[in-house]
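need a structure here:
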Amino acid sequence: MKVNFIHTDEYMDYVHSQQEIHDLADFLLSEPEFLPEVAAAVLKSYKLGEFEKWRMSYLNLNNLAKAKAKRAKQERFATMLKKVFDLALTPPEGESEEQFLKKLRGGILEVLVSRFLVERYCCLSSNCLVCVDGQLLKAKPEDTAGKTMDVAGVDKLADTQIGEWYECKVSTGG
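Below is the predicted model:
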C-alpha cells in the first residue's frame, strides 16, 4: 500500500506555529496528569470570559494542592493555558476573537495528537488529504472531494504497513 499526504489547510499552519501552544504541549507531555484539566478547559471555554471563569475556579486555593510542588505545577499550567487563550485577543485580520479562539482550542488538540503520533511514526502531516494507492480518502463513498485530516501519520509512505489519521474536534458552541 502507498500513502501520500496533500497539505491543504494553510490557515491552521498559523495556529500551529504559535509557540504558546507548543509550550503547553511540552508541559502536558511531561505532566500527563494535567490532560483532564486541559480537556475541561478547552471543552468548556467557548469564549474568553468562560475560560477566565474556569481559570479562576481552578486557581481557587481550595482546589489547589496543598503540596508546594504540585501547587506550583498547577499555577504554571493555568498560566500557560491562559497564554494560549490570550492569543485570541489579537486575532488575524478578518477574524473575530471568538473565531480565532475556536481555532486555537482545536489547535491545542491537534498539536497534542501530533506529539503523540511523532513517537510512533516517521512520516507525519497535518491538515491534509490522505491518498491510499492513489485514491483520496472520503467521508462517504459518494463524496467527490477528499476528507481533510487534521493529523496523519504512517510508518513509511511507500509500502505502508501501519498508520493513523485523525479529525480532531472540540465542541464549537456553548
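
Quick one: the strands in this protein, in order.
In the chain, the strands defined using DSSP state E lie at 3-7, 123-132, 135-136, 148-154, 163-166.

residues near Lys83, how many?
15 (other C-beta atoms under 10 Å). C-beta: built from backbone N, CA, C; applies to glycine.

how much space is there between the closest residue to it other than its chain neighbours and Leu112?
Excluding the flanking residues, the one nearest Lys83 by C-beta to C-beta, 6 or more residues apart in numbering is Glu20, at 4.4 Å. For Glu20, the distance to Leu112 equals 14 Å [C-beta to C-beta, to the nearest Å].

Tell me which of those two has more neighbours.
Set Glu20 next to Leu112 and count neighbours by other C-beta under 10 Å: Leu112 wins out with 21 against 18.

I'd assumed Leu28 was in contact with that one.
Yes: Leu112 is in contact with Leu28 according to C-beta atoms under 8 Å; the separation is 6.4 Å.

Tell me the confidence at the spatially most central residue of the chain?
With distances taken as C-alpha atoms, centre = their mean, the residue of the chain nearest its centroid is Leu109 (2.1 Å). In this model, Leu109 is scored at 95, pLDDT.

What's the local residue count around the nearest residue to it once chain neighbours are set aside?
Closest residue in space to Leu109, ignoring its immediate chain neighbours: Cys168 at 4.4 Å, by C-beta to C-beta, 6+ apart. When neighbours are defined as other C-beta under 10 Å, Cys168 has 17 of them.

Next, Cys168: phi, psi?
As for Cys168, its main-chain torsions (degrees, to the nearest 10) stand at phi -90, psi 130.
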